[in-house]
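>>> Make a model of this:
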Amino acid sequence: MTTPLDDQVFTQRFIDTGAWFLGERHCRETLERCGDDAATWRQLGFVLTHRGRKVDAVAAYAVAAELDPASAHVHQWWSGKLAEESGDFHAAAEHYATALDCRPGFELARLAAHHNAIARREIAFARERAGDRPGPATAARFLLIKAWGTGFWSEIMHLLGALLTAEITERIPVVLWGANSLFREPGLVDGYTQFFEPVSDTGLDDLPVAEGAIYPPKWTPANLGTENVGKHDGPYARLSGARFVGRPEPLAVIDHVTSTHLARHWIPPWHPLHGRSTAAVDRWIADKYLRPWPFLIEAAETFVRRRFGAGTPFTAVHLRGTDKGAEAPLLDALNFHALDEAGAAGDVFVLTDSVRWQREAAGRLGARAHFAPATRGTGDTGIHFERAAGPTQLGEEVLTDALIAARASHFVGNGWSSVSCGVRLLSNAAPESIRLLGLFDVGRNHYGEYY
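Numbers count the residues shown, from 1 in each chain. Presented below is the predicted three-dimensional model:
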């Protein structure tokens, strides 16, 4: 007979193993047979959170809090995280404050409240600086977007925020993936145009470079071509896009990540993106600026046509491996559940950076599993750090993988991974057919902890 379990046994049996379907069924059967039980409602919330069903999870935590007020801090913390993912930072702040009232010293709520306060500070700063829309500029102004120096799709997430900053500040964007980019071939000035068409007709040589006319002033004509200048420490380090609003300098340089999830809160009323969701903002920016070279699009379409047939529905699953395990302790469980979510029938395109997870998927799915040629790692070092292949090859592989997955009718990915967020960005599948698993969604993160 199904009976309530203590948290440790429940976690070991269902959460750590990735048996999240079974964990949810256990909780629901226990509640049906044994009646309301606070621990079981809390466990149901926990497993639903991992499955990416966060609205349902918060509702379960709320019932647990009613039955056992001592657990209310958990409900309020998750309500805050959900509010932040929806973009309501003020409601989130209230939930975190309530969580701390319920349990003073609750460290997760304390950290969340601190980072939330930073995000709200940046929103307030940008809105105060915005004022009315300026009149026509007497001369064009530009935004030079430096590489973040991270994995490919993390780099694209940074780029989206910087491009939104260019839109908000009415500057012409110019992208430079220089020496700090992991995807630039040695000897090239810029790595971005190995994969994408330029975002504007302006080149690096066209930028107005004059002493004292660049923001922030850590940049000068002498160091503009170098990288990581006071990026993390020192004056003008860790600037969000808010700090570029209202700046008069002809040239501005952005080298630190700004999420569109945060920056959309200071989009001015005159801009067509004002009031739009993060998903809508991201897609608008991608459609306007993010243009992979035709040969990469053709490679993805050819793969889909040959493996699945034109117009034939298929599922895509992303199984992150290598270095992600250090960031996401339940990565194995998440990947096993993702394979379960793929279903029992139909072809499945599998994106993975890991030899181990390629083998797991092939073993579970058999002939249903399809893989594009790609470099894959065997250890816990990211393949973009291992340098087992050249930077152009690595970039083309991860971009092509995402372009293929974006053509799937269903996608199951990892909310911790920017690769999965990249697939979601490009996908034309119905929103309900895209599921990102795990506790957090990096594509809906305000990154307040970075500023």
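>>> Looks to me like Ala316 is in a strand.
Yes - under DSSP: H, G, I helix; E, B strand; the rest coil, Ala316 sits within a strand.
>>> Share the number of residues neighbouring the closest residue to Gly151 other than its chain neighbours, please.
In space, and not counting its chain neighbours, Gly151 is closest to His384: 5.4 Å by CB to CB, 6 or more residues apart in numbering. All C-beta spots, glycine's among them, are computed from the backbone N, C-alpha and C. Residues near His384, counting by other CB atoms under 10 Å, number 24.
>>> quick one, what contacts His384?
His384 makes contact with Gly151, Phe152, Leu182, Phe183, Pro391, Leu394, according to CB atoms under 8 Å, 6 or more residues apart in numbering.
>>> what about the helices in the stretch 151-300 of the chain?
152-169, 260-263, 278-289, 294-307 (DSSP state H, counting those that start in this stretch).
>>> Out of these, indicate the one that is most buried.
helix 260-263 (a mean of 28; mean count of other CB atoms under 10 Å).
>>> which outside residues touch it?
Taking CB under 8 Å, 6+ apart as the rule, helix 260-263 contacts 87, 119, 122-123, 126, 160-161, 164-165, 168, 240-242, 278, 281-282, 285, 443-448.
>>> same deal with stretch 232-243?
With CB under 8 Å, 6+ apart as the criterion, stretch 232-243 contacts 122-123, 125-126, 129, 161-162, 164-165, 168, 216-218, 230-231, 254, 256, 258, 262-263, 266, 447, 450-451.
>>> again with stretch 434-441
49-52, 81, 85, 328, 330, 334, 337-338, 341, 410-416, 420-421, 424, 427, 443.
>>> So which of these are in helices?
Per DSSP state H, helices hold the following members of the contacts of stretch 434-441: Thr49, His50, Lys81, Glu85, Leu334, His337, Ala338, Glu341, Ser420, Cys421, Arg424.
>>> what's the closest non-adjacent residue to the second one?
This points to His50. Trp20 (5.6 Å).
>>> One more: the last one?
In this structure, Arg424 finds its nearest non-sequential neighbour in Ile434, 5.5 Å apart by CB to CB, 6+ apart.
>>> and the one you found, how many neighbours?
Taking other CB under 10 Å as the definition, Ile434 ends up with a neighbour count of 18.
>>> again with the one 4 residues further on
The number of residues packed near Gly438 is 24, by other CB under 10 Å.
>>> Against Pro4, how distant is it?
26 Å (CB to CB, to the nearest Å).
>>> ok so, going back, from Arg53, how far out is the residue nearest to His50?
The spacing between Trp20 and Arg53, counted by CB to CB, is 10 Å.
>>> which of those two has more neighbours?
Between Trp20 and Arg53, Trp20 has the larger neighbour count (other CB under 10 Å), namely 25 against 18.
>>> show me what contacts that one?
Taking CB under 8 Å, 6+ apart, we find Trp20 in contact with Phe14, Val47, His50, Arg51, Ala333, His337, Asp340.
>>> How many residues are close by the residue lying closest to the fifth one once chain neighbours are set aside?
Spatially, and ignoring its direct neighbours in sequence, Ala333 is nearest to Gly18 (3.6 Å; CB to CB, 6+ apart). For Gly18, the neighbour count with other CB under 10 Å is 22.
>>> May I ask you to confirm that Gly18 is in contact with His337?
Yes - counting by CB atoms under 8 Å, His337 is a contact partner of Gly18 at 4.3 Å.
>>> Poorly predicted segments of the stretch 201-350 of the chain, please.
Across the stretch 201-350 of the chain, the ranges flagged by pLDDT under 70 are 325-326.
>>> Now with 90, please.
When residues are selected by pLDDT under 90, those of the stretch 201-350 of the chain lie in 210-212, 225, 230-231, 258, 310-311, 321-332, 341-345.
>>> Could you pull out the strands in it for me?
For the stretch 201-350 of the chain, the strands defined by DSSP state E, counting those that start in this stretch occupy 214-215, 251-254, 315-319, 348-352.
>>> mind checking which of those strands is nearest Val58?
Set against Val58 and scored by CB to CB, the strands of the stretch 201-350 of the chain come closest in strand 315-319, at 25.1 Å.
>>> what angle do the closest one and strand 348-352 make?
Orientation note: strand 315-319 sits at an angle of 20 degrees relative to strand 348-352 (axes from the mean of the first three to the mean of the last three CA atoms, to 10 degrees).
>>> ok, the residue nearest to Ala333 to Leu331 distance?
From Gly18 to Leu331 the distance is 10 Å (CB to CB).
>>> Give me the contact list for stretch 175-191.
144-147, 149-152, 155, 159, 192-195, 198-199, 204, 225-228, 384-385, 390-392, 394-395.
>>> Distance from that stretch to the middle of the chain?
With CA atoms, centre = their mean, to the nearest Å as the basis, stretch 175-191 stands 22 Å off its chain's centre.
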